[in-house]
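Enquirer: Okay, sequence plus prediction incoming.
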Amino acid sequence: MRINKSDGSHDMRISASDVPKAVIEVCARLKSLGHSAYVVGGAVRDTLSGRESIDWDVTTSATPEQVRAAFDHTIPTGARHGTVTVILDDSKIEVTTMRAEGDYVDGRRPYSVCFIRDIEADLARRDFTINAMAYDPIDDRLVDPFGGSADLQSRIVRAVGNPEDRFREDHLRMLRAVRFASVLGFKVDPATLDAITRCSTLIKRVSAERIRDELDKLMESTKPSVGIELMRITGLLEHILPELLEGYGVEQNRYHEYTIYEHNLRTADEVSGDTALRLAGLLHDVGKARVKQGEHFYGHERVGGQIARQVLSRLKYPRRVVDRVAHLVEQHMFRYEPKWTDAAVRRFVKRVGVEHLNDIFELRRADREGSNREPDAGLGELRRRVNEILSTGAFLTLRDLAIDGNDVEALIGPDVPRRVIGLTLAQLLDEVIEDPSLNDREKLMKRAKDVVAYHIDELQHL
Ligand code: ATP
Ligand code: MG
């Protein structure tokens, strides 16, 4: 199926040869049983625009029971929504019965779903024209009732039907519009953009989990800043991530040509890494506006870490993501100088944590780039010194200490809180990081006695 080009730019086509064999087989089987079957949604959009698609969704007139009967291996994935997963040659294909949705009672989920046999009605309930196309690979027929391929060609995200109605039905669609525009590098159609602006406060009613999932996908854009800016312009940002707006229009000092807000966005664009690392880029200077005193931002990384923790907890990010991002924000302000001793480098490694070193260096590189300044040579030198320490085993962790918890336990009486053991080992580790020659069993046992006594004394004074 070939689409006529309007401006001769991209030759958009989809043919059966683009569709994975297992998907063709599913469609062929359903059609041989007298049902209709189409690939639909994201896969059609991505294939037409020359992108590779991973998820191939099929929509059919067959009921979920008929789909289950037609294949040997199926899983009833979303019975309520009529989705059955068909397992064929190691692929999992989601097959959904065509549907038209009833009224949305609360702007979050359809009140009733009734299965229908009409592909155009199924496409009409989809969010954007570029997502509302279906392709029948057996008959080589593209169904595109809303001009999706033309919008794909012109790189436009446009709501199907009346945009305001569509956003009132399902408020998350506003964020999806922004996300698609950002990820695909498209413009949002003006009427669609206006409708988002008018409806933006409704986003407050959407669950944090659904917002988080969209935000995650947005962070995979080449430039997430495009999406964040669209969120700001439409008013969505104020409800989702108002903390970023605190730095909007706030100038910094002679080292920074950008405002706090702009610099956070540029850093996010610059960071290469997973979603969490990009979020760390986006939030790394989020604390600056609150601590600003003239040209100074003392302690912004600590405040920023707290804000990052609040923001990501509110958005229901998993604990490990919250901890990781907050830690990176807190640690991003180290200032390396060549005069650092090896012990200082070891302290740096301990403070940041071996598992976060790659992240912190990438964040700092992006931070610099996000201020439009040339790379920091000191950063490269610190990296070399850190690598040296790691590769020669000169960096020590609790496990490398010449004594362990049992040794310390033997030094203390039964009435002493067990906490003293951990405190003692932590302090001995600090001392050994300072001077590795202390990591000797005899020396440490001797030193441990004093340290234990000190901590017991401390506890008694609490
Ligand atoms: P991606 O998987 O890259 O996020 P996608 O287009 O496949 O893109 P999905 O969320 O997987 O997006 O949804 C599949 C299809 O279902 C969409 O292409 C769209 O047709 C429809 N759809 C998904 N969410 C909505 C929604 N909130 N409102 C209307 N239609 C939707
Ligand atoms: Mg998908």
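Expert: Yep, it's here. Ligands and ions are numbered 1, 2, ... in the order given.

Enquirer: can you tell me which residues contact the residue in the stretch 201-350 of the chain positioned nearest to ligand 2?
Expert: When distances are taken as Cβ to the ion, the stretch 201-350 of the chain reaches nearest to ligand 2 at residue 217, 9.8 Å away. Heads up, the C-betas are built off the backbone N, CA and C, glycines and all. With contact taken as Cβ atoms under 8 Å, 6 or more residues apart in numbering, residue 217 is in contact with 179, 183.

Enquirer: Ok, the one 10 residues further on next?
Expert: Residues in contact with residue 227 (Cβ under 8 Å, 6+ apart) are 178-179, 181-183, 218, 221.

Enquirer: just residue 415 next, same as before
Expert: Going by Cβ under 8 Å, 6+ apart, residue 415 touches no other residue.

Enquirer: can you do 10 Å?
Expert: Neighbour list for residue 415: residue 456 [criterion: Cβ atoms under 10 Å, 6 or more residues apart in numbering].

Enquirer: Please report how far it lies from residue 293.
Expert: 49 Å (Cβ to Cβ, to the nearest Å).

Enquirer: Following the lowest-mean-pLDDT helix or strand in the chain in sequence, what is the next regular element?
Expert: When the helices and strands of the chain are compared on mean pLDDT, DSSP states H and E, strand 113-115 comes out lowest with a mean of 54. Where DSSP states H and E defines the elements, the next helix or strand beyond strand 113-115 is helix 119-124.

Enquirer: does that following helix come close to ligand 1?
Expert: No. Using Cβ under 6 Å from any ligand atom, helix 119-124 never reaches ligand 1; the gap is at least 7.8 Å.

Enquirer: Does the residue of the stretch 201-350 of the chain closest to ligand 2 lie in a helix or a strand, and which?
Expert: Going by DSSP H and E, residue 217 is in helix 208-218.

Enquirer: my read: residue 327 touches residue 312, true?
Expert: No. In this structure, residue 327 is not within contact of residue 312 by Cβ atoms under 10 Å, at 11.7 Å.

Enquirer: Who has more neighbours out of these two?
Expert: Between residue 327 and residue 312, residue 312 has the larger neighbour count (other Cβ atoms under 10 Å), namely 23 against 20.

Enquirer: The residue in the chain that ligand 1 sits nearest to and residue 132: what is the separation?
Expert: Nearest residue of the chain to ligand 1, counting by Cβ to the nearest ligand atom: residue 42, 2.4 Å away. Separation of residue 42 from residue 132 (Cβ to Cβ): 11 Å.

Enquirer: what do you get for residue 148?
Expert: Residue 148 is 5 Å from residue 132, by Cβ to Cβ.

Enquirer: shared neighbours of the two, anything?
Expert: Contact criterion Cβ under 10 Å, 6+ apart; residues shared by residue 148 and residue 132: 44-45, 123, 126, 158, 160.

Enquirer: returning to what we had before: phi, psi for the nearest residue to the residue of the chain closest to ligand 1 once chain neighbours are set aside please.
Expert: The shortest distance from residue 42 to any non-neighbouring residue, by Cβ to Cβ, 6 or more residues apart in numbering, is to residue 55 (6.0 Å). The phi/psi pair for residue 55 (degrees, to the nearest 10) reads phi -90, psi 120.

Enquirer: thought residue 55 was touching residue 47?
Expert: No. At 11.4 Å, residue 55 does not count as touching residue 47 under the criterion of Cβ under 10 Å.

Enquirer: Okay, and which of the shared contacts of residue 148 and residue 132 map to helices?
Expert: Among these, DSSP state H puts 44-45, 123 in helices.

Enquirer: Dump those residues to TSV, plus pLDDT.
Expert: Below are these laid out as TSV (pLDDT from 0 to 100):
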residue	pLDDT
44	98
45	97
123	96
